[in-house]
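Q: Turn this into a structure:
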Amino acid sequence: MSNHFIDIDRNKPITLPDNLEDWLDQNDLARFIVEVVEQLDTSAIENAYSGGGSAPYPPKMMLALLFYCYAKNIFSSRKMERATYENIPVLFITAGLHPDHDSINRFRKRFLPELGALFVMLLQIAHGMKIFKLGDIYIDGTKIKANASKHKALSWDYACKLEEQLKAEVTLLLERAETENSKGNKEIDIPEEIQRRETRLEKIAEVKAEIEKRALERYEQEQAEYEAKIAERAAKEEARGHKLGGRKPKEPEAGARGKDQVNFTDEDSRIMPESGGGYVQGYNAQATVDGDTMIIVGQHISQNTNDKQEIVPALAELDKLPEELDKIARAGADTGYFSKDNVNEFIEHGIEPAIASSRQSHNERLENRLAEPPEAPENPTPVEAMQHRMKTPEGKAFYAKRKSTVEPVFGIIKEAMGFRHFMLRGLDAVKGEWTLVCMAYNFKRLYVLNS
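A: Predicted coordinates for the structure are as follows:
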């Protein structure tokens with residue numbers, strides 16, 4: 001059987017349309033991003049240019065380029081530069097200009113702090129488009145790899161061992177220097193060898209000082225949590241009139257631990273446990289998501305390995321939102337955020353919390369699902385009142401929605417957008433890049449909601 005295929009001739013000139021817009025769909029994401037970015041107030045960025053010299057690239061064009069590329073799994077400035085020659089939507093965004101990778105990278109690093117205000121402006125635009133308003137929110141976090149290897153680090157135990165070894169070698173070299181001088185025989189450059197070891201000892205001292213500093217911060221936090229648990233236990237014993245059973249809270253130990261470490265490539269990153277097992281050298285990326293639209297309404301970066309300390313900074317970010325976006329009514333979070341203080345923080349902000357106090361079963365027994373909710377306790381504490389609400393049908397439905405709102409957001413960022421590790425290093429730079437990622441996600445989400 002013979003097949004008749006279309007003939008092609010690569011030597012024949014390709015006829016292109018007179019206008020690039022003919023090749024770009026009228027509903028393309030690139031057009032949407034350009035249209036929305038034009039509505040952003042970028043005066044803070046524009047005023048940062050002092051004038052003189054060659055004309056810079058338009059800030060709104062550079063922002064649209066970053067937002068589109070991050071939304072389309074293009075994070076390297078070199079790949080962005082290449083896209084200005086090969087990618088039709090990017091050619092539309094840059095209007096045929098080709099900013100080099102140095103210009104793109106400098107712009108990205110220089111104006112990261114200004115992205116915080118633009119993040120809020122984008123939410124205001126979405127509200128003005130009647131796409132969303134605040135109501136119910138869900139908070140969660142995910143570990144994202146730093147631009148650093150977990151193998152390029154120095155632990156406390158190894159630092160102490162290496163320090164002892166280097167000091168012994170310096171002593172040995174000094175002794176050998178005296179012997180070599182008496183013999184007049186020098187097989188190695190002893191001053192150079194000593195200097196090399198002393199330089200390494202100075203670096204080890206810096207690492208140990210940083211580990212001790214972090215250990216002190218950890219101890220102060222753990223001590224505060226310990227004292228709060230002891231006070232809560234004492235209050236319960238006084239209310240019940242007898243001693244409580246079970247183990248008493250364990251008092252934290254001061255000082256550095258053997259596995260405490262500092263990374264040489266990105267000192268601000270931390271060893272983070274991953275939910276699927278194992279560890280990653282990275283950061284704890286937090287996001288607060290609107291329950292109805294899955295738009296990210298708050299975000300921040302943390303160096304904490306767990307989420308218990310993240311409610312306060314999350315609420316601080318939400319406090320920055322303008323009143324026109326409406327008020328938050330309820331907030332849901334998983335058991336990693338549960339503590340008495342976090343429940344009280346939500347209540348003080350006028351938000352009804354729904355934080356799981358224990359792990360939820362994936363396959364709840366049918367009789368438990370059909371059972372009537374328990375009676376409300378008399379004079380409940382804020383935690384007891386929350387736990388009762390979460391056992392009602394309405395409370396169960398609200399908390400169950402968390403899995404279909406905030407968790408898919410991280411799935412989209414990591415899988416659809418392909419963002420699995422930060423390009424920039426250092427806490428401040430990573431904070432700005434996470435804001436950039438969240439804005440790129442919001443552009444994608446608004447594009448879908450507006451279609």
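Q: and residue 282, how many neighbours?
A: Burial of residue 282 is recorded as 25 neighbouring residues (other C-beta atoms under 10 Å). Just so you know, the C-beta spots here come from the backbone N, C-alpha and C atoms, and that holds for glycine as well.
Q: Of all the residues in stretch 191-202, which ones are buried?
A: 193-194, 197, 201 (16 or more other C-beta atoms under 10 Å).
Q: Sorry, slip of the keys, the one I care about is stretch 124-141.
A: Using 16+ other C-beta under 10 Å as the test for burial, stretch 124-141 gives 125-127, 131-132, 134, 136-141.
Q: repeat for stretch 425-441
A: Those would be 425, 427, 429-441, for stretch 425-441 by 16+ other C-beta under 10 Å.
Q: for stretch 443-451, same thing?
A: 443-447.
Q: Other residues contacting that stretch?
A: For stretch 443-451, contacts defined as C-beta atoms under 8 Å, 6 or more residues apart in numbering pick out 27, 29, 32-33, 36, 67-68, 71, 122, 126, 129, 131-132, 293-296, 412, 416-417.
Q: Please flag which of the residues you listed sit within helices.
A: Residues from the contacts of stretch 443-451 lying in helices, with DSSP state H as the criterion: 29, 32-33, 36, 67-68, 71, 122, 126.
Q: Of those residues, just say which sits nearest to residue 278.
A: Checking the ones in helices among the contacts of stretch 443-451 against residue 278 by C-beta to C-beta gives residue 71 as the nearest, at 28.6 Å.
Q: low-confidence ranges in the stretch 101-250 of the chain?
A: Within the stretch 101-250 of the chain, the ranges that satisfy pLDDT under 70 run 180-187.
Q: can you do 90?
A: 131-133, 149-250 (pLDDT under 90).
Q: So which residues of it form helices?
A: For the stretch 101-250 of the chain, the helices defined by DSSP state H, counting those that start in this stretch occupy 101-110, 115-128, 156-183, 190-240.
Q: mind putting those helices in CSV, distance to residue 354 included?
A: Output for these, formatted as CSV (distance: least, C-beta to C-beta, whole Å):
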stretch, distance to residue 354
helix 101-110, 38
helix 115-128, 23
helix 156-183, 40
helix 190-240, 21
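Q: of all the ones you listed, which lies closest to residue 90?
A: helix 101-110 (11.3 Å).
Q: What are the buried residues along that closest one?
A: 103-105, 107-108.
Q: coming back round to it: out of the helices of the stretch 101-250 of the chain, which is closest to residue 355?
A: Closest among the helices of the stretch 101-250 of the chain, once you apply C-beta to C-beta, is helix 190-240, at 16.3 Å.
Q: Distance of the spatially closest residue to residue 291 that is not a sequence neighbour relative to residue 269?
A: Using C-beta to C-beta, 6 or more residues apart in numbering and skipping residues adjacent in sequence, the residue nearest residue 291 is residue 136, 3.6 Å away. From residue 136 over to residue 269 the distance is 33 Å, taken as C-beta to C-beta, to the nearest Å.
Q: where's residue 56 relative to residue 77, distance?
A: For residue 56 relative to residue 77 (C-beta to C-beta), the value is 16 Å.
Q: So for these two, which sits in the more crowded spot?
A: residue 77 (22 against 15).
Q: For residue 113, which residues are in contact?
A: 428, 432.
Q: related to what we said a few turns ago, for residue 352, state which of the buried residues of stretch 443-451 is nearest.
A: residue 445 (25.1 Å).
Q: element containing that closest one?
A: helix 427-450 (DSSP states H and E).
Q: what does stretch 372-391 contact?
A: For stretch 372-391, using C-beta under 8 Å, 6+ apart, the contacting residues are 340, 343-344, 347, 352-357, 392-393, 395-396, 399.
Q: now do 6 Å
A: Outside stretch 372-391, the residues that touch it by C-beta atoms under 6 Å, 6 or more residues apart in numbering are 340, 343-344, 347, 353-354, 357, 392, 395, 399.
Q: Let's test this: mean pLDDT of it, rounded?
A: For stretch 372-391, the mean per-residue pLDDT is 85.
Q: what sits against residue 427?
A: residue 268 are the contacts of residue 427 under C-beta under 6 Å, 6+ apart.
Q: any idea how far residue 435 is from it?
A: 13 Å.
Q: If I look at residue 26, what pLDDT would I see?
A: pLDDT, residue 26: 89.
Q: Compute the number of surrounding residues for it.
A: Neighbours of residue 26 (other C-beta under 10 Å): 6.
Q: Does residue 318 touch residue 297 like I think?
A: No: taking C-beta atoms under 6 Å as the definition, residue 318 is not a contact partner of residue 297, at 7.0 Å.
Q: of those two, who's got more company?
A: More crowded of residue 318 and residue 297, by other C-beta under 10 Å: residue 297, with 24 against 19.
Q: I'd say that one and residue 290 touch.
A: Yes: with contact defined as C-beta under 6 Å, residue 297 reaches residue 290; the gap is 5.3 Å.
Q: related to what we said a few turns ago, looking at the ones in helices among the contacts of stretch 443-451, which is nearest residue 116?
A: residue 122 (11.1 Å).
Q: and that closest one, how many neighbours does it have?
A: Around residue 122 there are 23 residues (other C-beta under 10 Å).
Q: Now do it against residue 111, distance only.
A: 15 Å.
Q: same deal with residue 214?
A: Where residue 111 is concerned, residue 214 sits at a distance of 30 Å (C-beta to C-beta).
Q: So these two - more neighbours on which side?
A: residue 111 (20 against 16).
Q: what sits against the residue nearest to that one when sequence neighbours are not counted?
A: Once flanking residues are discounted, residue 111 sits nearest to residue 45: 5.3 Å by C-beta to C-beta, 6+ apart. Listed by C-beta under 6 Å, 6+ apart, the contact set of residue 45 reads 59, 111, 114.
Q: Closest one to residue 251 out of the residues you listed, please.
A: residue 114 (45.4 Å).
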